[in-house]
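Student: output the structure for:
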Amino acid sequence: MNDVQRRGLINGAVAAALTFVVGSTVVLATGSGGELTLPTPTATATSPPPPDCTPSFEIAESANVPETRTPVTLLGVAAVTSTQAWAVGGAGDPEAPAAVAIQGWDGNRWTTVEAPSPGSSTNELRAVDASGPSDVWAVGRTSSGFGEEPLVLHHDGVTWAEVELPGEIDGILNDVAVLSPTDVWAVGFAGDPDASLERALVLHWDGVAWAEVEVHRAIGGGKAALTGIGWVSPTDIWVVGYHHFQPLVLRFDGAAWSRSETEVRGDLLAVEPFATGEVWGIGTPIQRFDGETWAEASVARADGLTLVDGAAVGGRDIWAVGMRSSEDDPATRMAVYRYSGRRWVPVDGPPVGGSDALTAIDALPDGTVLGVGTKDVEAGRRTLAITGSTCPAR
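Tutor: Numbers count the residues shown, from 1 in each chain. Model (predicted):
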């Protein structure tokens, strides 16, 4: 699989980059969608403007077990409430993790949670989303040595369990959007990308069973994969990915899927839509849809920058995460960017030793921002988590 394929297919293009370096998924995502535009307060004669504020982030203690050298890679995060969030990924070889990895957040710390790993050779979760504390879905891949199959797990508020999918589907699920307990969408690809035979895969849960949804007429022929999904309502759902290695954007209006054409080249890995008709495509580069056309967004200090996921507190408070790299240093550095109405600018935070990257971010309307990723040090791979502090809308 070449680098372009890997970036398009893995919810963290970051995972591929870290593999090279060391040998090796707002609060509702995924790259997770469900964002509604929040009204922006306007200053009046009787209401003073908000005080000056500088967004920042801090490192949160993640669930690393010093006694084990098993590497853990986190690829997705979903914040359900200010005191409940989930992070998912894989434990073991980053290329073929032996077990799924799930961590829970209680508002203060992350802890490891048990979950099924049905495959005998590979099990990995790439995204997670929720409609509430007792309706959490995670998607990814599993294998028992005869090709990869989509994997879906569900948390009912007590335990995680595997959910049966339609038979005879091979491939991987990269993202999930949970609109309600009876309306869940998952996207990825079916087929073999090594043979250039991948095709876009969309699955839908109606509260009873999962079913495959036809989207190929909207895309056209040839290789295609889907990497991210976001939503405003059941009649306004957006999906991004690639078609023949060019950016692909699809929209569902409640009845049919259609293609939204973009002339911007690069990778699209996540999408954040709003009720105003504005849509942000997160990737390299970031793209913005104004309701009519797509255009490349202005990003400060973008050299060596790869952004892989985004999360919105409001229409003028959007975060994106990924990594920075340089030709002079084989290590990567996590990147956190924020849009506040004009352009995307970096958010400062503490440095982390080793090679590190962020793979997913999520945010709640109350300003809660959570991000997850990985760091590689001499002792091996460790999980990484951050908490962000946003600013009042201006």
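
Student: go ahead and report the secondary structure state at Pro350.
Tutor: Three-state assignment for Pro350 (DSSP: H, G, I helix; E, B strand; the rest coil): coil.

Student: which residues touch Val299?
Tutor: Applying CB atoms under 8 Å, 6 or more residues apart in numbering to Val299 gives the contacts Pro285, Ile286, Leu305, Tyr337, Arg343, Trp344. Where you see a C-beta, it was placed from the backbone N, CA and C, and this is true even at glycine.

Student: try it again with 7 Å
Tutor: Pro285, Ile286, Tyr337, Arg343, Trp344 (CB atoms under 7 Å, 6 or more residues apart in numbering).

Student: ok, so of those residues, who is nearest Ile169?
Tutor: Ile286 (31.8 Å; CB to CB).

Student: how about the helices of the stretch 101-250 of the chain, start to end?
Tutor: Listed in chain order, the helices of the stretch 101-250 of the chain (DSSP state H, counting those that start in this stretch) span 216-219.

Student: so where's it shaky on pLDDT?
Tutor: By pLDDT under 70, the stretch 101-250 of the chain has no low-scoring segment.

Student: residue boundaries of the strands in it?
Tutor: 110-113, 122-132, 135-143, 148-155, 160-162, 171-180, 183-190, 199-205, 210-212, 224-233, 236-243, 246-252 (DSSP state E, counting those that start in this stretch).

Student: and the angle from the third one to strand 148-155?
Tutor: Read it as strand 135-143. 160 degrees (axes from the mean of the first three to the mean of the last three CA atoms, to 10 degrees).

Student: what pairs with strand 135-143, parallel or antiparallel?
Tutor: Take DSSP bridges as the rule and strand 135-143 pairs in its sheet with strand 122-132 (antiparallel), strand 148-155 (antiparallel).

Student: in TSV: the ones you listed, plus distance to Leu384 and mean neighbour count.
Tutor: What follows is the strands paired with strand 135-143, written out as TSV (distance: least, CB to CB, whole Å; neighbours: other CB atoms under 10 Å):
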stretch	distance to Leu384	mean neighbour count
strand 122-132	17	28
strand 148-155	22	22
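
Student: identify whichever of the ones you listed lies nearest to Thr359.
Tutor: Closest approach to Thr359 among these (CB to CB): strand 122-132, 9.2 Å.

Student: could you dump the closest one to PDB, C-alpha only?
Tutor: Output of strand 122-132 as PDB, limited to C-alpha atoms (Å, rounded to 0.1, in the frame of the first residue of the first chain):
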ATOM      1  CA  THR A 122      -5.800  -8.500  14.200                       C
ATOM      2  CA  ASN A 123      -8.300  -6.300  16.100                       C
ATOM      3  CA  GLU A 124      -8.400  -2.500  15.900                       C
ATOM      4  CA  LEU A 125     -10.900   0.300  16.500                       C
ATOM      5  CA  ARG A 126     -10.500   3.500  14.500                       C
ATOM      6  CA  ALA A 127     -13.400   5.700  15.600                       C
ATOM      7  CA  VAL A 128     -16.100   6.000  18.300                       C
ATOM      8  CA  ASP A 129     -19.200   8.100  18.700                       C
ATOM      9  CA  ALA A 130     -22.300   8.200  21.000                       C
ATOM     10  CA  SER A 131     -25.800   9.500  21.300                       C
ATOM     11  CA  GLY A 132     -25.600   9.200  25.100                       C
END
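
Student: I'd like to know which of the strands paired with strand 135-143 lies nearest to Asp376.
Tutor: strand 122-132 (17.7 Å).

Student: rewinding a little: CSV please, covering the strands of the stretch 101-250 of the chain and showing distance to Ala357.
Tutor: Converted to CSV, these look like this (distance: least, CB to CB, whole Å):
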stretch, distance to Ala357
strand 110-113, 17
strand 122-132, 15
strand 135-143, 18
strand 148-155, 23
strand 160-162, 26
strand 171-180, 17
strand 183-190, 21
strand 199-205, 26
strand 210-212, 31
strand 224-233, 17
strand 236-243, 20
strand 246-252, 22
